[in-house]
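1. here is a sequence together with a model predicted from it:
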Amino acid sequence: MSHKKLLLTFLGLGFISFITLSFYPIDGYESTGISRLLRLERIKKDSTQKLSLPIGAQLPLNCIELQLTQVEDSISEILQEDEAFAEKLRKVIPSGNYSLTILDMSDPQHLKYMGHKESLGYQPGSVGKLTVITALFTQLHNICPESWEARKAILKNKRVKAGDWAIYDHHTIPDYDIENDKLVKRKVSPNDVFTLYEWADHMMSVSNNGAASVVWREALLMAAFKDKYEYLTQEEVDEYFKNTPKKELTLLANQIVNEPLRKIGITHDEWRLGSFFTSGANKYVGDIGGSIGTPLGLMKYLVQLEQGKVVDKPSSLEIKRLMYMTDRRIRYAYAQELKDAAVYFKSGSLYSCDRSNGKSCGEYAGNVYNYMNSVAIVEHPNGKKYMVCLMTNVLRKNSAWDHMVLASKIDEVINPKTEETEKS
């Protein structure tokens, strides 16, 4: 089934629900201008309020680092399976449609990797938004190759309107009124105007599909207008989309999200994105080739993110910050074993139910298809650090809970409790 058909099923039947999350370090307001971060800062500084966040979700900006920048080995050298490591982990993997890759990077000079059905393809769902954020930072680099600060200035100061590209999406976004100290969670409106940083945050933090389409659109405009992009008016943007053939827009849109993956050695069959996340965007841009993801392709991405090779080091670090979990954790990241760990996370789900003839089905437990994907970088305070890319299609089973249980088992293998910890 094509990505578009799956998306239409999702939109029409409402089978998927997402829990609101917050990402990015909470001391990042001054750096980014993302307004909801100021609210978190205010709560943290107010002695009468409590910031209900896990310990691992409270790292400041300067504590988030890339872990593999000193590793010069190629991706093929790094992803050589460690047989002893793999044997331990395979004991906790259930039978069925489970595919995953795991890399223990606690000691960067002695990396340990395992893969299990790692080349099987799955519908990536919202994990595909990592390709969109990568496209954005790629185009920013193309515009300002010598200056990270100039790129950040565009992210922080360029304000863009949603338009009908952002429609329709039932996910809410956090809209914080700084002057009145009031937070409202609501759906995106075509008249909404946010900075690029805030649109990117809405895409990553609450997995808003409308925001993803807006960010992808802006990366497309950067590719088309280059250094003129920063000064584009809404009238010029409207004129461009009105007069440019849909086929031309489609080819450019597809190129900018997929080419950065090819440049870091991720093949067409390992990970690709074929269509926008909203039906509103499809009025302007068509679909090409469908969407697919594999745990191998995702792991190739995470490794090179940690090496600083996704665009460049500043971009890789900023993408990692945008993946940081700073609120209620769900699915894989909900495992209690991870509560003190920093978790950099993106998940996606897509499921469909057929309840005819009394067939069993439920939330995240589809009986037609039941995709659940989790990408996580876990960094424990004791120095244990690892990455997991998990993709499943297990019918009639609550995959949100299933991923959490498997996360606990994987953590127990990589970060076993000491006797002293167990007694306390």
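-> All right, it came through fine.

2. below-threshold pLDDT in the stretch 201-350 of the chain: ranges please.
-> Along the stretch 201-350 of the chain, the parts satisfying pLDDT under 70 run over 325-328.

3. repeat that for 90
-> By pLDDT under 90, the weakly predicted segments of the stretch 201-350 of the chain are 205-207, 325-330, 334, 348-350.

4. for it, just list every one of the helices.
-> 209-225, 234-243, 246-263, 295-306, 313-322 (DSSP state H, counting those that start in this stretch).

5. which of those helices sits closest to Q67?
-> With respect to Q67, and counting by C-beta to C-beta, the nearest of those is helix 295-306 at 4.8 Å. Backbone N, C-alpha and C define where each C-beta goes, glycine included.

6. so how far is that closest one off the chain centroid?
-> 12 Å (C-alpha atoms, centre = their mean, to the nearest Å).

7. which parts of that helix are buried?
-> Buried residues in helix 295-306, counted by 16 or more other C-beta atoms under 10 Å: P295, L296, G297, L298, M299, K300, Y301, L302, V303, Q304, L305, E306.

8. now stretch 221-232
-> Across stretch 221-232, burial judged by 16+ other C-beta under 10 Å covers L221, M222, A223, A224, F225, Y229, L232.

9. now the third one: how far from Y229?
-> If I follow you right, that is A223. 9 Å (C-beta to C-beta, to the nearest Å).

10. now the strands for the protein?
-> With strands called from DSSP state E, the chain shows them at 98-104, 112-116, 159-161, 172-177, 182-187, 193-195, 271-272, 292-293, 342-352, 369-379, 385-393.

11. ok, which of these comes nearest A86?
-> The nearest among the strands of the chain, by C-beta to C-beta, is strand 112-116 at 3.6 Å.

12. the strands of the chain: which one's closest to K91?
-> Nearest to K91, of all the strands of the chain, is strand 112-116, at 11.3 Å by C-beta to C-beta.

13. so R355 touches G366, yeah?
-> No. Contact criterion C-beta atoms under 8 Å: R355 and G366 do not qualify, at 10.6 Å.

14. follow-up on the earlier one: would JSON lines of the buried residues of helix 295-306 with distance to Y168 be doable?
-> Compiled in JSON lines, those are given as follows (distance: C-beta to C-beta, whole Å):
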{"residue": "P295", "distance to Y168": "31"}
{"residue": "L296", "distance to Y168": "33"}
{"residue": "G297", "distance to Y168": "29"}
{"residue": "L298", "distance to Y168": "28"}
{"residue": "M299", "distance to Y168": "33"}
{"residue": "K300", "distance to Y168": "33"}
{"residue": "Y301", "distance to Y168": "29"}
{"residue": "L302", "distance to Y168": "31"}
{"residue": "V303", "distance to Y168": "36"}
{"residue": "Q304", "distance to Y168": "34"}
{"residue": "L305", "distance to Y168": "31"}
{"residue": "E306", "distance to Y168": "36"}
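
15. which of these lies closest to S399?
-> Minimum distance to S399 across the buried residues of helix 295-306 is 15.1 Å, recorded for P295 (C-beta to C-beta).

16. for M299, which non-adjacent residue is spatially closest?
-> Distances taken as C-beta to C-beta, 6 or more residues apart in numbering place T101 nearest to M299, at 4.0 Å, with adjacent residues excluded.

17. for that neighbour, what are its contacts?
-> L79, Y113, M114, G115, H116, E118, P295, L296, L298, M299, V388, C389 (C-beta atoms under 8 Å, 6 or more residues apart in numbering).

18. again, but for D227
-> I143.

19. what about it, distance to S31?
-> Taken as C-beta to C-beta, the span from D227 to S31 is 24 Å.

20. ok, what's across the strand from the residue nearest the centre of the chain?
-> The residue lying closest to the centre of the chain (C-alpha atoms, centre = their mean) is K346, at 3.8 Å. Judged by DSSP bridges, the bridge partners of K346 are V375.

21. does it really touch M387, like I thought?
-> No. Assessed by C-beta under 8 Å, K346 is found out of contact with M387, at 12.0 Å.

22. what ranges does the stretch 51-200 of the chain have for its helices?
-> So, for the stretch 51-200 of the chain - with DSSP H, counting those that start in this stretch - the helices run 75-78, 83-90, 129-143, 148-157, 196-205.
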